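K.L.:
Below: sequence and its predicted model.
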Amino acid sequence: MSGIDLVNGTVGALLGILCTTLLQQPLQDAWFRFRRRSATRVRSLTYRQGDPGAASWSTFAIGPLQTPALVVEGDGVHGIAPETVRVQVLEGEAVLPEDMVPWRAEIEAEESAAHSAGTRVRAWNGPRYAVEGLEISRTALEEDADVTLRLRPTDYFTFLAAQQLDRRLPDGTTPRERYLDPDRPLEAPAFLQCSFGVNVAVVTADHLLVVSRRSDSVRSGPGLWGSSVNEGLSRHIDSAGRGAPDLHEVARRGMREELSLEPHEYGLTLLAFVLDVGRRQWSAHFAAHLKELTGDALRSRVSHGVADRWEHQGMEYVPFRPADVVGLLLRPDRLHRWAPVTPALFHLALVHTHGRGAVERAEARAVRRTR
């Protein structure tokens, strides 16, 4: 090889390396943009309901057990990976319409008067989050869920005012009639969705499902039977002004405060996002499987004291088998005593462990027995 050929070859190699280095990142960025554009966009239910040929979505039910829980994302079979969930906190608080502002003032005055009279403990107007929207997409190749939850700041008294969905406004309509379309259940203003919480189905190491009964003193669902753990998002605790809340961390906080369980003692799986369309309350559904603690051990620990004991007035341990759990859900004395999203939570947790087929067969048998 001549000296000229050697020089030309060296220069060509250097130019090739330089071009590869300069173009590598733009090519990667272009590839990711292409994948993003080609993802199948599913904005909750709005897209599907806009398709005249699409089947109508309905709320969760098992035979005679009818609930207002709409399972927006998640089937129980596959968990939703933490890294695919993004939570954004938007600027500006959720603001009540002018003709609903007096309702909030009434609540504030009533709480102050009740506290002064000593009839009950005054409710704390804690900082909360309102749901601006939940957006779900799928990647074109893996078809993994890609979830973006958008929140706005709000407070507890705004939540209580917005819960009066069927109260008459000055023009004779109700907030439900004026702002909500029953055919588009996910299209709602943020001020009517001032609640997002996590619900956890806890299963002990010896395969017992923890079922709790809410205290009669709580404002939401008093006396109803519900999930093992229920915790609402708090701007004060879960963000403290530093950033968006982490839903898995909120679930872990609930596990610690309600059952005195630490993260190393269980595995945690996000199963679904669910909306109670009747009260406009959102929930992230989780399953937690204890690694070593049995039902007896958990009973013993809870008996030694938990931070939020006042939220529950009872707890049961049910064999975590489809027939047993479904039988409990459909028991005549419980049929109308469940918190709205709890049956969907237990169904999804069963599916995640036992498979859809086994759970659906158990549900079909249980429904036949009720007829």
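P.N.:
Arrived safely.

K.L.:
Tell me which residues touch residue 66, please.
P.N.:
Taking C-beta atoms under 8 Å, 6 or more residues apart in numbering as the criterion, residue 66 is in contact with residue 59. Where you see a C-beta, it was placed from the backbone N, CA and C, and this is true even at glycine.

K.L.:
repeat for the one 4 residues further on
P.N.:
For residue 70, the contact set (C-beta under 8 Å, 6+ apart) comprises 45, 57, 59-60, 185, 274-277.

K.L.:
Name the nearest of those relative to residue 338.
P.N.:
residue 60 (10.8 Å; C-beta to C-beta).

K.L.:
quick revisit: closest to residue 291 among the contacts of residue 70?
P.N.:
Scanning the contacts of residue 70 for proximity to residue 291, where the rule is C-beta to C-beta, the winner is residue 274, at 26.3 Å.

K.L.:
Report how many residues lie close to the closest one.
P.N.:
Residues near residue 274, counting by other C-beta atoms under 10 Å, number 26.

K.L.:
Adding distance to residue 299 and pLDDT as columns, could you present the contacts of residue 70 in CSV?
P.N.:
Converted to CSV, those look like this (distance: C-beta to C-beta, whole Å; pLDDT from 0 to 100):
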residue, distance to residue 299, pLDDT
45, 41, 36
57, 39, 74
59, 34, 95
60, 30, 97
185, 39, 91
274, 28, 98
275, 33, 97
276, 30, 97
277, 35, 95
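
K.L.:
Which among the residues you listed count as buried?
P.N.:
In those, burial by neighbour count holds for 45, 59-60, 185, 274-277, counting by 16 or more other C-beta atoms under 10 Å.

K.L.:
Next step: the contacts of residue 70 restricted to strands.
P.N.:
274-276 (DSSP state E).

K.L.:
Include distance to residue 364 when you put those residues into JSON lines, please.
P.N.:
Listed next are the ones in strands among the contacts of residue 70 as JSON lines, based on distance: C-beta to C-beta, whole Å:
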{"residue": "274", "distance to residue 364": "22"}
{"residue": "275", "distance to residue 364": "26"}
{"residue": "276", "distance to residue 364": "25"}
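
K.L.:
Among the residues you listed, which one sits closest to residue 323?
P.N.:
Nearest member of these to residue 323, counting by C-beta to C-beta, is residue 274, at 23.7 Å.

K.L.:
Now for the closest residue to residue 170 other than its chain neighbours: which residues touch it?
P.N.:
With C-beta to C-beta, 6 or more residues apart in numbering as the criterion, residue 170 has its nearest non-adjacent residue at 5.5 Å, and that residue is residue 99. By C-beta under 8 Å, 6+ apart, the contact list for residue 99 reads 169-171.

K.L.:
Residues contacting stretch 287-306, please?
P.N.:
Contact with stretch 287-306 is made by 200-206, 208, 210, 228-229, 251, 255, 257-261, 265-269, 271, 315, 317, 348-349, 352-353, as judged by C-beta under 8 Å, 6+ apart.

K.L.:
what ranges do the strands span in the protein?
P.N.:
Along the chain, the segments classed as strands by DSSP E run 40-42, 61-62, 65-66, 69-73, 85-89, 127-138, 145-155, 196-203, 208-214, 225-226, 229-232, 266-276, 281-290, 312-319.

K.L.:
Is it possible to get those out as CSV so that each row also shows distance to residue 343?
P.N.:
CSV is the format used below for the strands of the chain (distance: least, C-beta to C-beta, whole Å):
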stretch, distance to residue 343
strand 40-42, 24
strand 61-62, 7
strand 65-66, 6
strand 69-73, 7
strand 85-89, 24
strand 127-138, 21
strand 145-155, 22
strand 196-203, 11
strand 208-214, 11
strand 225-226, 10
strand 229-232, 14
strand 266-276, 11
strand 281-290, 11
strand 312-319, 13
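
K.L.:
looking at those strands, which is closest to residue 360?
P.N.:
The nearest among the strands of the chain, by C-beta to C-beta, is strand 61-62 at 9.7 Å.

K.L.:
Partner strands of that closest one and their direction?
P.N.:
strand 65-66 (antiparallel) (DSSP bridges).

K.L.:
Confirm for me that residue 174 is in contact with residue 168.
P.N.:
Yes - Residue 174 lies in contact with residue 168 (C-beta atoms under 8 Å); the separation is 6.1 Å.

K.L.:
Same drill for these two, tell me which one is more crowded.
P.N.:
Neighbour count, other C-beta under 10 Å: between residue 174 and residue 168, residue 174 has more, with 14 against 11.

K.L.:
ok, the more buried one to residue 183 distance?
P.N.:
Shown here: residue 174 relative to residue 183, a distance of 17 Å by C-beta to C-beta, to the nearest Å.

K.L.:
I'd like to know which of the buried ones among the contacts of residue 70 is nearest to residue 93.
P.N.:
residue 275 (21.4 Å).

K.L.:
Next, the contact list for that closest one, please.
P.N.:
Residue 275 neighbours (C-beta under 8 Å, 6+ apart): 69-70, 72, 185-186, 281-283.

K.L.:
switch the cut-off to 7 Å
P.N.:
By C-beta atoms under 7 Å, 6 or more residues apart in numbering, the residues touching residue 275 are 70, 72, 185-186, 282.

K.L.:
Also residue 314?
P.N.:
By C-beta under 7 Å, 6+ apart, the residues touching residue 314 are residue 213.

K.L.:
show me where this protein has helices.
P.N.:
Ranges of helices in the chain, per DSSP state H, are 3-37, 46-49, 101-117, 156-162, 175-179, 247-259, 295-303, 322-329, 342-354, 356-370.

K.L.:
how about low-confidence regions in the stretch 251-371 of the chain?
P.N.:
The stretch 251-371 of the chain contains residues with pLDDT under 70 at 307-312.
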